[in-house]
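Undergrad: Pasting the sequence and the predicted coordinates here, then a few questions.
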Amino acid sequence: MTQPVTPELRSWLVSQLAAGHSVAALRQSMRAAGWQDAASDAALADIERGVGSPTLPALPKQARPMPGPDLDGAPLYLDAGDRRVHVLHTVTHPRVVVFGDLLADDECEALVAAAAKRLARSLTVETQTGGETLNVDRTSDGMFFERGENELVARIEQRIAHLLRWPLTFGEGLQVLRYAPGAQYRPHYDYFDPAEPGTPTILRRGGQRVGTLVMYLQEPERGGATVFPDIGLEVAPKRGTAVFFSYERPDPGTRTLHGGAPVLAGEKWVATKWLREREFT
Ligand SMILES: O=C(O)CCC(=O)C(=O)O
Ligand SMILES: [Fe+2]
């Protein structure tokens, strides 16, 4: 006999997910409350897919959990667990939020230093082997940290999970990019293009990307804004500041086209955190 999944249970699950609880934690609480795993899994799977079922009325579209800060009451500051973050600028469609003081200067410097070592090594390897094909759309150099790789990375990931109310385990590892003068990242979407043949394989690791946080670690002297051509927004790459945006479906209609404008002088460093629909493994 399968237990019925009531609309109340469903909305409770949605709110718990939105509050940042992991699917694993919810499954455990449901088991403790006497739910059969099959019933929990069915409810969670339906919510993750954002669809209804015969026993489960479909949720209104806006109820699908998405990452994002709690802007109720138009706060000027947000509690990110271990840090008070400034709300500098918001856009509703697409959802864009610019945060000030998300990272301390010494955190930015330490991330750059740790990434620089790895970047230097990977550049050497590439020169020796002939390297990967040059991507003309992105002329920056990049590396990835493992999730929770060191104390600093773990602390920043925890802060982001708190601020954006999205489980830490749904995030990809932090990516660090360095833009030398002249380097840029042409406008693109961060979601995986459903029309690309490789996309189904990529999606097995945690579903689509649904949100992006670009954190500025080192500011160039000129240039290097993060630009959103569809909405005429340019975010200055100020150290410690970050821009967040989300996209509830992999579609240009989300107006999340964005890029890194060419750096005109100096060096720009950013760290990007991409958020997936589900646990990223
Ligand atoms: O460097 C920037 O301003 C944008 C970076 C970006 O779009 C990305 O990492 O996906
Ligand atoms: Fe991007």
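TA: That came in fine, so what should we check first? Numbers count the residues shown, from 1 in each chain. Ligands and ions are numbered 1, 2, ... in the order given.

Undergrad: Show me what from the protein comes close to ligand 1.
TA: By C-beta under 6 Å from any ligand atom, the part of the chain that sits against ligand 1 consists of 177, 185, 190, 214, 226, 258, 260, 270, 272. Glycine gets a C-beta too; all of them are placed from N, C-alpha and C.

Undergrad: which one of the residues you listed is nearest M143?
TA: Closest approach between the residues of the chain next to ligand 1 and M143, by C-beta to C-beta: L177, at 8.4 Å.

Undergrad: List the buried residues in the helix or strand containing that closest one.
TA: According to DSSP states H and E, L177 maps onto strand 175-179. For strand 175-179, a neighbour-count test (16 or more other C-beta atoms under 10 Å) marks 175-179 as buried.

Undergrad: I'd like the next helix or strand past that strand.
TA: Counting by DSSP H and E, the next helix or strand C-terminal to strand 175-179 is strand 185-188.

Undergrad: residues in contact with that following strand?
TA: For strand 185-188, contacts defined as C-beta atoms under 8 Å, 6 or more residues apart in numbering pick out 137-140, 177, 179, 227, 229, 257-260.

Undergrad: Mind checking which of the residues you listed are in strands?
TA: Among those, DSSP state E puts 177, 179, 227, 258-260 in strands.

Undergrad: Looking at the residues you listed, spot the one nearest ligand 1.
TA: Of all these, ligand 1 sits closest to G260, with 3.0 Å by C-beta to the nearest ligand atom.

Undergrad: Measure how buried the closest residue in space to that closest one that isn't next to it in sequence is and give me the count.
TA: The spatial neighbour of G260 that comes closest, neighbours along the chain excluded (C-beta to C-beta, 6 or more residues apart in numbering), is Y185 at 3.7 Å. Neighbour count of Y185, defined by other C-beta atoms under 10 Å: 23.

Undergrad: residue contacts, F192?
TA: By C-beta under 8 Å, 6+ apart, the residues touching F192 are 199, 202-203, 208-209, 250.

Undergrad: pLDDT value on it, please?
TA: On pLDDT, F192 comes in at 96.

Undergrad: so which helix or strand takes in it?
TA: Remark: F192 resides in no helix or strand, with elements defined by DSSP H and E.

Undergrad: how close does it sit to ligand 1?
TA: In this view, F192 and ligand 1 are 12 Å apart by C-beta to the nearest ligand atom, to the nearest Å.

Undergrad: one step back: could the ones in strands among the contacts of strand 185-188 be laid out in CSV, adding distance to L78 and pLDDT?
TA: Shown next, in CSV, are these (distance: C-beta to C-beta, whole Å; pLDDT from 0 to 100):
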residue, distance to L78, pLDDT
L177, 25, 95
Y179, 28, 95
V227, 25, 98
H258, 22, 98
G259, 27, 97
G260, 25, 97
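
Undergrad: rewinding a little: what pairs with the strand holding L177, and is each one parallel or antiparallel?
TA: According to DSSP bridges, strand 175-179 forms sheet pairs with strand 141-144 (antiparallel), strand 268-276 (antiparallel).

Undergrad: can I have that strand written out in CSV, keeping just the CAs?
TA: Extracted C-alpha coordinates of strand 175-179, given in CSV (Å, rounded to 0.1, in the frame of the first residue of the first chain):
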residue,chain,number,x,y,z
GLN,A,175,35.6,28.3,-10.9
VAL,A,176,38.3,31.0,-11.0
LEU,A,177,38.9,33.0,-14.2
ARG,A,178,41.8,35.5,-14.9
TYR,A,179,41.4,38.1,-17.6
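
Undergrad: for this protein, which spans come out with low pLDDT?
TA: Within the chain, the ranges that satisfy pLDDT under 70 run 1-9, 11-12, 15-22, 25-26, 28-35, 47-63, 121-136.
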